[in-house]
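S.K.: Next one to model:
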Amino acid sequence: MQRRSFLKRASLGAVAGAAVSAPAFAQDMPSVSWRLSSGFPSALDLRVGAAENFCKFVAESTGGKFNIRHFPDGEVVAAADLMEAVSTKKVECGHVSSRLYYAKNPAFSFDAAVPFGLNARQMNAWMSEGEGLRLTRELFKPEKIINFPLGNTGAQMGGWYVKEIKRTGDLKDLKMRVGGLAGDVLSRLGVVPQQADLAKLAELFEKEGLQAVAGAGAYEDAKLGLNKVAKYYYAPGWWAGGEQLSLYINDEVWNQLPKHYQAVVQSAALAAHTSATARFDALNPQALAQLTSNGAQVRAFPRSIMDAAFEASQQVYKDLSAKDPRFKALHDSYMGFRDSEMPWFRLTEGAFGQYLGVALSARS
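M.R.: Numbers count the residues shown, from 1 in each chain. Next up, the predicted model:
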């Protein structure tokens with residue numbers, strides 16, 4: 001019932017309708033001011049822009065009566081502390097990837113992306129038509145947080161490497177900036193996960209022996225200058241078939257909102273969510289072409305490495321499920337949904353894309 005209500009309210013038409021009727025609507029509604037803290041550096045402008053668009057939609061849809069001020073990462077609270085800040089009402093809401101809180105609870109990863117998981121469209125379907133929204137909200141309930149999808153990067157790349165990765169042995173003792181579930185899986189393949197400041201990557205590659213960095217998509221990797229520290233650019237990013245970003249709202253603050261404002265928030269979040277994913281899809285191909293023209297060497301992970309990573313992922317999931325029933329419940333629902341989706345996607349989009357790739361290559 002919860003997800004049906006979410007779908008009915010959270011439509012682009014609802015945002016448009018709210019904006020059209022805002023002047024009359026706003027006369028009878030209270031003035032509300034919130035603060036939204038970003039969990040992303042300013043260089044990641046598509047992620048930051050998703051939250052800025054959300055704030056703009058809310059203000060315009062209420063005739064300026066409901067204002068949410070967007071704060072850059074670190075200005076009010078650092079990304080690592082954002083969940084706690086929303087939980088304790090230091091800020092009313094935040095925008096972040098739940099993968100950041102893997103150390104706090106690995107199950108939070110299912111609100112973002114996990115190895116060999118759902119792509120962006122499948123994630124949307126699991127969240128709105130499957131059990132995703134219900135299960136993730138149950139997970140966040142002890143944190144006093146209501147979560148909403150707010151952007152998805154789409155499929156990501158597999159990172160930047162100083163050497164070619166031709167076999168699993170090439171991963172042994174590889175010092176790589178990577179964390180979360182991906183780090184756990186890669187460590188089982190011999191990688192030595194590193195935590196490193198993105199701003200200091202060049203120095204770490206030169207002086208500390210860093211050999212690889214897990215990026216995201218071509219647009220964001222170019223913005224961060226990751227092509228300047230390593231030249232081999234691998235695909236696919238098997239640990240993020242589509243990274244969902246999330247809006248966190250303190251539950252007490254949420255419950256104090258008038259119902260009309262809650263509907264506006266839901267609609268604005270979906271509008272910004274859809275827009276962000278479209279921008280990633282539009283800009284990544286252009287960025288990849290620019291990266292390759294500047295010398296990036298694009299490679300595909302060998303099948304042997306993909307197979308090894310897949311098997312290691314299954315073991316990580318098994319171990320984490322044995323430790324935490326909440327993780328297991330989310331895992332079983334998430335992966336069950338993935339398995340039910342794959343025959344359709346393989347028959348339709350997979351086959352269509354594979355044919356077009358061959359046909360267009362033959363014409364060039």
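S.K.: you'd agree D45 is up against K223?
M.R.: Yes: counting by CB atoms under 8 Å, D45 does reach K223; the two are 7.1 Å apart. Heads up, the C-betas are built off the backbone N, CA and C, glycines and all.
S.K.: What are the boundaries of the strands in the stretch 101-250 of the chain?
M.R.: Here the stretch 101-250 of the chain has its strands, by DSSP state E, counting those that start in this stretch, at 145-152, 160-161, 175-177, 192-194, 212-213, 232-235, 244-250.
S.K.: what is the orientation angle of the last one with strand 145-152?
M.R.: Angle of strand 244-250 versus strand 145-152, following axes from the mean of the first three to the mean of the last three CA atoms, to 10 degrees, is 150 degrees.
S.K.: Please name every helix or strand in contact with strand 244-250.
M.R.: Strand 244-250 sits against helix 45-61, helix 82-87, strand 93-96, helix 120-128, strand 145-152, helix 259-293, with contacts defined as 3 or more CB pairs under 8 Å, 6 or more residues apart in numbering; DSSP states H and E.
S.K.: how about those in a markdown table, adding mean pLDDT, mean neighbour count and distance to V213?
M.R.: Converted to a markdown table, the helices and strands packed on strand 244-250 look like this (pLDDT from 0 to 100; neighbours: other CB atoms under 10 Å; distance: least, CB to CB, whole Å):
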| stretch | mean pLDDT | mean neighbour count | distance to V213 |
| --- | --- | --- | --- |
| helix 45-61 | 98 | 22 | 18 |
| helix 82-87 | 98 | 21 | 23 |
| strand 93-96 | 98 | 28 | 20 |
| helix 120-128 | 98 | 21 | 23 |
| strand 145-152 | 98 | 25 | 22 |
| helix 259-293 | 97 | 19 | 14 |
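S.K.: What's the separation between T153 and P30?
M.R.: Taking CB to CB, to the nearest Å as the measure, T153 and P30 are separated by 36 Å.
S.K.: So which of the two has more stuff around it?
M.R.: Taking other CB atoms under 10 Å, T153 and P30 do not tie; T153 has more neighbours (29 against 11).
S.K.: Nearest residue to that one in space, please, no chain neighbours.
M.R.: E243 (4.5 Å; CB to CB, 6 or more residues apart in numbering).
S.K.: Test my guess that the one you found contacts Q156.
M.R.: Yes: contact status for E243 versus Q156: in contact at 6.4 Å, counting by CB under 8 Å.
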